[in-house]
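Trainee: what's the 3D shape of this:
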Amino acid sequence: MKKAVIDTNVLISALLKQGSVPDLVIDDVKCGKLVPVVNPYLRNEYEKVLFRDKFHFDTVRVSGLLEIIDKAACVCRERREGRKLNDPKDQEIYELYLAAKELYGATLITGNMKHYPEEEGIVSPRGYLEEKDEF
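Mentor: Predicted structure coming up:
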């Protein structure tokens, strides 16, 4: 099974529009085709961000998504240092990705490609689906 660190913005986009490309990524998590790799920082960020009032997401829907992620997730407590990024939050996710890539062959799926270095293994939601030959 493919493993990936899923950036928070992918979850936001999936919740904003059902049937969207990010939502198709989450569908792969739901059906067991994609295992999300998380650490305590990222899991906490998911919860903190998705429950923000500004999004007006249905709390039952958010809780359901987080429950799916919790059941499917591979927890990785390791980090690997890499290039220094501008945003400390992106740095946390990037360092988790580097460890997950080394340990599990994981990718990083993000809707904010410009926040990360251009390197193999960092893909957009569309790029993830194209790699699977399903889009």
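Trainee: from here on, just use CA atoms for contacts and neighbour counts.
Mentor: OK.
Trainee: buried stuff in stretch 115-127?
Mentor: Tyr116, Gly121, Ile122, Val123, Ser124, Pro125, Arg126, Gly127 (16 or more other CA atoms under 10 Å).
Trainee: please apply the same query to stretch 69-76.
Mentor: In stretch 69-76, counting by 16+ other CA under 10 Å, buried: Ile69, Ala72, Ala73, Cys74, Cys76.
Trainee: on the three-state scheme, the residue nearest to the first one when sequence neighbours are not counted is what?
Mentor: With CA to CA, 6 or more residues apart in numbering as the measure, Pro36 is the residue that lies nearest to Ile69, at 6.8 Å, once sequence neighbours are left out. Secondary structure assignment for Pro36 (DSSP: H, G, I helix; E, B strand; the rest coil): strand.
Trainee: so Pro36 touches Cys76, yeah?
Mentor: No. The criterion here is CA atoms under 8 Å, and Pro36 misses it with Cys76 at 10.2 Å.
Trainee: where does pLDDT dip in this protein?
Mentor: 133-135 (pLDDT under 70).
Trainee: longest helix anywhere in it?
Mentor: helix 88-104 (DSSP state H).
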